[in-house]
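Student: Need a 3D model of the sequence below.
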Amino acid sequence: MYLTKQINSVKICYDECGMADRPALVLLTGWAHDLRLYDELLPYLSRKYWVIRVCWRGHGQKRDDIDDFGVEEQISDTISLLESLEVDKFYLVSHSHGGWPALGIADKLGRVRVPCLLMIDQIMTQPPPEFAVGLQAMQEKKTWKAARQGLYDNWMAGSDNKAVETHFIYSFGGFGHKFIAAAYEKYGTPMRRMEMIENPPLIRHIFSHPLNQPEYRKLHEDLSRKHSWFSFADLEGETHFPSLEIPEKVAQQIDQLVQEADRDIQ
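Tutor: Sure, this is the predicted structure:
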């Protein structure tokens with residue numbers, strides 16, 4: 001059931017499942033997605049965790065026009081929502097560009113409250129030129145529909161996965177994306193943002209895209225050798241949406257990271 005709370009003078013949509021006496025697991029979506037991005041994961045998670053799925057402002061069931069917003073509003077909205085739910089310590093999961101506010105939340109609240117962060121398929125380098133061009137085209141009335149389709153085709157990479165296709169049809173919309181560009185302009189890359197956190201939680205990036213790029217994998221290997229708090233896994237999937245495409249693999253990675261974080265605290 002979709003729920004809403006008035007947070008920071010706007011309505012924030014969320015839902016929760018599992019038992020409130022279990023460890024809290026907070027799921028943040030990427031840009032232009034609602035909480036249905038994690039539908040396929042719930043059967044794997046709901047027996048172990050108190051799962052809270054959060055929509056960004058303007059991304060809930062009622063998609064009224066709202067004022068432009070950025071990462072700082074996403075951070076504030078999420079923290080305020082969790083405080084209203086009396087959530088103190090929680091494990092954090094983000095998809096794609098939801099990683100920017102996730103890193104900000106981890107930085108602001110500290111490792112005691114956010115012991116680990118699992119990031120799913122976010123671009124860890126500067127955005128590739130074709131991606132940047134596509135985002136720019138989505139700001140123009142004449143080109144936004146074609147640009148959106150182009151991004152989706154790239155993310156699907158020829159896959160015919162029905163769960164991902166259904167998500168595109170019913171969820172993926174024409175939301176603004178200025179905060180994406182602003183985050184890269186401010187921090188450079190997500191990896192650089194991680195290194196700016198004074199005492200980072202355990203952070204793991206799991207991904208499939210970009211496909212077949214050894215230099216991208218090497219970038220992760222280099223960071224994991226440099227910092228014990230960082231790890232990664234190439235899921236070897238087909239699409240940009242592993243939580244829908246291969247949810248069992250994503251759930252396994254969540255469980256592993258949570259267990260490592262609990263051991264680290266002890």
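Student: all helices for the stretch 151-266 of the chain, in order.
Tutor: 162-170, 178-187, 190-195, 214-226, 242-245, 247-265 (DSSP state H, counting those that start in this stretch).
Student: Could you list the low-pLDDT ranges of the stretch 51-200 of the chain?
Tutor: Applying pLDDT under 70 to the stretch 51-200 of the chain picks out residues 59-67, 130-132, 134-141, 144, 172-181.
Student: could you redo the last one with a cut-off of 80?
Tutor: 58-69, 127-152, 154-156, 168-182 (pLDDT under 80).
Student: Show me where it has its strands.
Tutor: Applying DSSP state E, counting those that start in this stretch to the stretch 51-200 of the chain gives strands spanning 90-95, 116-120.
Student: Out of the ones you listed, flag the one nearest Thr143.
Tutor: With Cβ to Cβ as the criterion, Thr143 lies closest to strand 90-95 of those, at 25.3 Å. Every residue, glycine included, has its C-beta placed from N, CA and C.
Student: partners of that closest one in the sheet?
Tutor: strand 24-28 (parallel), strand 116-120 (parallel) (DSSP bridges).
Student: Identify the residues contacting the first one?
Tutor: Put plainly, it is strand 24-28. 35, 38, 41, 45, 49-54, 78, 82, 87, 89-95, 98, 101-102, 254, 258 (Cβ atoms under 8 Å, 6 or more residues apart in numbering).
Student: Generate a PyMOL selection restricted to the buried subset of those.
Tutor: Restricted to buried positions by 16 or more other Cβ atoms under 10 Å, the PyMOL selection for those reads:
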select buried, resi 35+38+41+45+49+50+51+52+53+54+78+82+87+90+91+92+93+94+95+98+101+102+254+258
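Student: what about stretch 238-250, average pLDDT?
Tutor: Stretch 238-250 shows an average pLDDT of 96 in the prediction.
Student: and the end-to-end length of that stretch?
Tutor: Separation of the first and last residues of stretch 238-250 by Cα to Cα, to the nearest Å is 14 Å.
Student: same deal with stretch 224-236?
Tutor: One end of stretch 224-236 sits 19 Å from the other (Cα to Cα).
Student: Would you indicate which residues of the longest strand belonging to the chain are buried?
Tutor: Assignment by DSSP state E gives strand 10-17 as the longest strand of the chain. The neighbour-count check on strand 10-17 (16+ other Cβ under 10 Å) flags Val10, Lys11, Ile12, Cys13, Tyr14, Asp15, Glu16 as buried.
Student: List of residues touching it?
Tutor: Applying Cβ under 8 Å, 6+ apart, the set of residues contacting strand 10-17 is 1-6, 34-35, 42, 46, 50-55, 57-62, 66, 77, 81, 85.
Student: Apply 7 Å and report the result again.
Tutor: If you take Cβ atoms under 7 Å, 6 or more residues apart in numbering as the criterion, strand 10-17 is touched by 1-5, 35, 42, 46, 50-55, 57, 60-61, 66, 77, 81.
Student: Out of the residues you listed, name the ones that lie in helices.
Tutor: Among these, DSSP state H puts Leu42, Asp77, Leu81 in helices.
Student: which of these are buried?
Tutor: For the ones in helices among the contacts of strand 10-17, buried by 16+ other Cβ under 10 Å: Leu42, Asp77, Leu81.
Student: Right, I'll call it a day here.
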